[in-house]
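*Asks:* Here is my input, please return the structure:
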Amino acid sequence: QVQLVESGGGLVQAGGSLRLSCAASGRTFSSYSMGWFRQAPGKEREFVAAINWSGGNTYYADSVKGRSTISRDNAKNTMYLQMNSLKPEDTGVYYCYALSGGSDHWGQGTQVTVSS
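*Replies:* Numbers count the residues shown, from 1 in each chain. Down below sits the predicted model:
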């Protein structure tokens, strides 16, 4: 069973930065492909970023490319999303996910609010 717990969300002014963390359980963390989605009020959940098992390959939505960096520390069973130059449209609940054993697993989400 994979359990994911996000943290690091909060209220920040436009132009500010946040670093989200996703701590995962499981003995095979280093084998998971992982990533982030977000959901703004009244909108569908959308892809933000993804990272492969080794961290050697990363992928970003156009909306965050150049402003965000996804990374992972397999020794700490933790994935990160560093977000800079935040905009009000980045507001939403951020969910981390992991792909393991042919199944996807999700965290409970962390709220990010960017004020203008």
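
*Asks:* In contact with the spatially most central residue of the chain, which residues?
*Replies:* Nearest to the mean C-alpha position of the chain, by C-alpha atoms, centre = their mean, lies residue 36 at 3.3 Å. For residue 36, the contacting residues are 20, 22, 47, 48, 49, 50, 70, 81, 94, 95, 96, 97, by C-beta atoms under 8 Å, 6 or more residues apart in numbering. Glycine gets a C-beta too; all of them are placed from N, C-alpha and C.

*Asks:* To what extent is the fourth one buried, counted in neighbours?
*Replies:* Right, the one you point to is residue 48. 24 (other C-beta atoms under 10 Å).

*Asks:* hang on, it packs against residue 34?
*Replies:* No: here residue 48 lies out of contact with residue 34, judged by C-beta atoms under 8 Å, at a distance of 11.6 Å.

*Asks:* returning to what we had before: out of the contacts of residue 36, who has the most neighbours?
*Replies:* Each of the contacts of residue 36 was scored for neighbours by other C-beta under 10 Å, and residue 96 scores highest at 29 neighbours.

*Asks:* Doesn't it belong to a strand?
*Replies:* Yes: Residue 96 forms part of a strand when assessed by DSSP: H, G, I helix; E, B strand; the rest coil.
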